[in-house]
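**Student:** from the sequence below, what's the structure:
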Amino acid sequence: MLVRLTSEQISRCYDHLEAAVRVSVPPTGGREKGSEQKVMENLLAGRMQAWLLCVEGEDLEIESAHAAVITVLMKDPGTGFPTLLVYSLCADTETPPVLAEEGIDTLRKYARSQGAKLLSMFTSVPKVRDLVRAIGGSSDDWYLTLEV
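**Tutor:** Numbers count the residues shown, from 1 in each chain. Model (predicted):
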């Protein structure tokens, strides 16, 4: 089950979440020193959301979670089209696919409740791409970057 953390829970596991963000910040986030602290500020302010993927019945603790997910509701700057972006995903390699699918379903429901039309994410992990494909999602788009 995927559970959204409250501000109090985010504060309690701040160090672990910050470490998860550090290793999984998307290419748009930059790799500047202190970037993860800005993400944490946005989480605590409610502008971003933190989630933990756990087996139902287990304690909601980041140390036993299969994944930590950070999301943000975004509007396309040109069209205003709303999307829930999986900004950061840090998962262990042993996450059962059925658990991951349940987590994605929870994110889809949350996205819909917030008026978003899409759930999107960046990934360089083939296993994540394959899972999204297997449940009917598209992995046709590529995100390309060039340093300036």
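**Student:** quick one, strands of this protein?
**Tutor:** Ranges of strands in the chain, per DSSP state E, are 2-4, 49-53, 67-75, 82-91, 118-121.
**Student:** in the helix ranked longest in the chain, which residues are buried?
**Tutor:** If you go by DSSP state H, the chain has its longest helix at helix 97-113. Of the residues in helix 97-113, those buried under the neighbour-count criterion (16 or more other Cβ atoms under 10 Å) are Leu99, Ala100, Gly103, Ile104, Thr106, Leu107, Arg108, Tyr110, Ala111. Bear in mind the C-beta positions are built from the backbone N, C-alpha and C, glycine included.
**Student:** can you pull out the low-pLDDT segments for this structure?
**Tutor:** The model of the chain has pLDDT under 70 over residues 57-63.
**Student:** could you rerun that using 90?
**Tutor:** 12-37, 54-67, 88-100, 121-148 (pLDDT under 90).
**Student:** which of the strands of the chain is buried the deepest?
**Tutor:** Comparing those by mean neighbour count (mean count of other Cβ atoms under 10 Å), strand 49-53 ranks first with a mean of 23.
**Student:** only C-alpha atoms, please: export it in CSV.
**Tutor:** Output in CSV follows, covering the C-alpha atoms of strand 49-53 (Å, rounded to 0.1, in the frame of the first residue of the first chain):
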residue,chain,number,x,y,z
GLN,A,49,3.9,15.2,-1.5
ALA,A,50,5.9,12.3,0.1
TRP,A,51,4.7,8.7,0.0
LEU,A,52,5.9,5.4,1.3
LEU,A,53,5.2,2.0,-0.3
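**Student:** ok, Met74 - contacts?
**Tutor:** Going by Cβ atoms under 8 Å, 6 or more residues apart in numbering, Met74 touches Pro82, Thr83, Leu84, Leu85.
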